[in-house]
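Chemist: Need a 3D model of the sequence below.
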Amino acid sequence: MKLSIQQTELVKALSIVGRAVPNQTPLAICKCVLLTATAEGLTLTATNLEQTITLQVGATVHEPGQAAIPAKLLAEVVASLPAERVDMEMRPSNILGLACGSYRTKINGLSSDDFPSVAVMTGQEAVVILNGAELKIALSHALVSVAEDDSRPALAGLYMALSGPEVTLVSTNGYTLSLYRLLLRRPVDEELTLLVPGQAMSELAHILKDVNDPAQAPPVELYAAPNTPRVGFRVGAVQLVSQLIEANFPDYRQLIPTSMQARVCMPVRAFKEAVKTARIFAAASGCIRLYAIERDGQWSMRVVSSSNEVGNSVVEVSARVSGEPERIGLSREYLRDILGTMSDGELSLELNGSSQAVAWRVVGDEGGLHVMMPMILALADYVDAV
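Modeler: Sure, this is the predicted structure:
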């Protein structure tokens, strides 16, 4: 293998595929990135055996071939080189030589024949094509409630349901639920459900992190088939292939309230600032208390937290209220996560009593929904902090 490539291009490519390299693994070959030089350019592949990222970049290939090189070491070496042309040549005994300006480096690699066989999306037709900017927003919303541990495998994944003109993304950790619906440019021919590891979908979100303008966003091609244990995504020259979770996702529809006792609407920014302050005093209890109050026909939401050791905080946020809302207690951590998906506009809280699930929406955003179970309030929690 012998090729030339720009240092900046190689640094960017290694930073993308390197995210699939496991931090800890007994298999040394899985700590490597596979470099494949062909007439089409240079292809980089990394895998943790469950997720694989492949990226093709432009390069001048003098001699085709392959090399398996420790990914972290290669990334550090290339990042230290000047922003010039990098000449790469595979030498005997799996040694990769690099030359860039006055720099000369040799890196010991492994046999490329030992690199795991990975699934690729070649010759397949995409099931659906999504707008990259719209999918980025959907993932930032829907991934919030993915469970952080895999003691219940189904909850460590993002559920995707493709049906007719829309795709629904859902996650739940048993305490909160996050849902986002995307309209498709073209309806799917057959219904399809997938349970994708949350880690893989987080990697897809990272690939899309610089995508902002829907009009100029790259398409995201989704590849999947019924009874196939994997799913693939293609974003430009990047491919992400992941194993699916073989578990039954809960019937999320049963977790979404179908009625409400009261609704409270208030500005997102003002409520987030109030919660930011309340979190300081809720570190010990983990609970932030909310209740609506009326003075002279004007409603506000009181955000309260307290600590015997630190003190307390009371912030009132102007609100519109319908119905008769009861006082509720909410987890400071889950509240932070849910509010982190909202930036502006008006927030709507749909309440059904102090012990029932609370539905969170941004007014006018029909695609997004969060559901959170409240915390049980002690008798002392009903005493106003002053």
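
Chemist: Which SSE is immediately downstream of the helix or strand where Ala138 lies?
Modeler: Per DSSP states H and E: Ala138 is located in helix 132-142. Next in sequence after helix 132-142, counting helices and strands by DSSP H and E, comes strand 157-163.

Chemist: Report the distance from stretch 320-330 to the chain centre.
Modeler: Counting by C-alpha atoms, centre = their mean, to the nearest Å, stretch 320-330 is centred 31 Å from the centre of its parent chain.

Chemist: For stretch 13-32, give me every contacting residue.
Modeler: The set of residues external to stretch 13-32 that reach it, using C-beta atoms under 8 Å, 6 or more residues apart in numbering, is 33, 42, 44-49, 51-55, 57, 68-72, 74-75, 78, 109-110, 114-116, 203, 206-207, 238. Quick note: C-beta positions are derived from backbone N, CA and C, even for glycine.

Chemist: can you rerun that using 6 Å?
Modeler: Contact with stretch 13-32 is made by 33, 44, 46-48, 51, 53, 55, 57, 68-71, 75, 110, 114-115, 203, as judged by C-beta atoms under 6 Å, 6 or more residues apart in numbering.

Chemist: got it, and stretch 114-123?
Modeler: Ile29, Leu34, Thr47, Thr52, Ala68, Tyr223, Arg230, Gly232, Gln239, Val241.

Chemist: did I read that right, the first one in a helix?
Modeler: Yes: counting by DSSP: H, G, I helix; E, B strand; the rest coil, Ile29 is part of a helix.

Chemist: That one: what's its closest spatial neighbour, skipping adjacent residues?
Modeler: Nearest-residue entry for Ile29: Asp114, 4.8 Å, with adjacent residues in sequence omitted and distances by C-beta to C-beta, 6 or more residues apart in numbering.

Chemist: ok, the one you found - how many residues close by?
Modeler: Using other C-beta atoms under 10 Å, Asp114 has 13 other residues around it.

Chemist: picking up where we left off before, would you list the contacts of stretch 114-123 in CSV and tack on pLDDT, distance to Glu125 and secondary structure?
Modeler: Converted to CSV, the contacts of stretch 114-123 look like this (pLDDT from 0 to 100; distance: C-beta to C-beta, whole Å; DSSP: H, G, I helix; E, B strand; the rest coil):
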residue, pLDDT, distance to Glu125, secondary structure
Ile29, 95, 32, helix
Leu34, 97, 26, strand
Thr47, 95, 24, strand
Thr52, 95, 20, strand
Ala68, 97, 31, strand
Tyr223, 91, 8, strand
Arg230, 91, 16, strand
Gly232, 94, 12, strand
Gln239, 94, 15, strand
Val241, 95, 16, strand
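
Chemist: Buried among these? Need that as a selection in ChimeraX.
Modeler: The following ChimeraX command selects only the buried members of the contacts of stretch 114-123, with burial defined by 16 or more other C-beta atoms under 10 Å:
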select :29,34,47,52,68,223,230,232,239,241
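
Chemist: between the contacts of stretch 114-123, which is closest to Thr105?
Modeler: Out of these, the one with the shortest distance to Thr105 is Ala68. That distance is 16.8 Å, counting by C-beta to C-beta.

Chemist: bridging residues for the closest one?
Modeler: Using DSSP bridges, the beta-bridge partners of Ala68 come out as Leu34, Leu110.

Chemist: residue contacts, it?
Modeler: Under the criterion of C-beta under 6 Å, 6+ apart, the contact list for Ala68 reads Cys32, Leu34, Gly109, Leu110, Ser112, Phe115.

Chemist: Go ahead and name everything in contact with stretch 192-210.
Modeler: With contact meaning C-beta under 6 Å, 6+ apart, stretch 192-210 is reached by 19, 51, 132, 136, 139, 146, 156-162, 224, 231, 233, 235, 238, 240, 242, 244-245, 249.

Chemist: Which of those are buried? Put it as a PyMOL command.
Modeler: Taking 16+ other C-beta under 10 Å as the burial criterion, the selection of buried members of the contacts of stretch 192-210 in PyMOL is written as:
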select buried, resi 19+51+132+136+139+146+156+157+158+159+160+161+162+224+231+233+235+238+240+242+244+245+249
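
Chemist: Report the separation between the residue nearest to Ile29 and Val77.
Modeler: Taking C-beta to C-beta, to the nearest Å as the measure, Asp114 falls 22 Å from Val77.

Chemist: likewise Ala161?
Modeler: For Ala161, the distance to Val77 under the criterion C-beta to C-beta works out to 44 Å.

Chemist: what residues are up against the nearest residue to Pro197 once chain neighbours are set aside?
Modeler: Excluding its sequence neighbours, the residue lying closest to Pro197 (C-beta to C-beta, 6+ apart) is Gly157, at 5.5 Å. With contacts defined as C-beta under 6 Å, 6+ apart, the neighbours of Gly157 are Leu195, Val196, Pro197, Gly198, Ile245.

Chemist: Which of the residues you listed fall within helices?
Modeler: Among the contacts of Gly157, the subset assigned to helices under DSSP state H consists of Gly198.

Chemist: CSV please, covering the contacts of Gly157 and showing distance to Ala292.
Modeler: Putting these into CSV (distance: C-beta to C-beta, whole Å) gives the following:
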residue, distance to Ala292
Leu195, 38
Val196, 39
Pro197, 40
Gly198, 35
Ile245, 40
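
Chemist: just the contacts of Ala68 now: which is nearest Ser313?
Modeler: The closest of the contacts of Ala68 to Ser313 turns out to be Cys32 (C-beta to C-beta; 51.4 Å).

Chemist: Against Phe115, how distant is the closest one?
Modeler: If you measure Cys32 against Phe115 using C-beta to C-beta, the figure is 7 Å.

Chemist: ok, these two, which is more surrounded?
Modeler: Each of Cys32 and Phe115 has its neighbours counted (other C-beta under 10 Å); Cys32 has more, 27 against 20.
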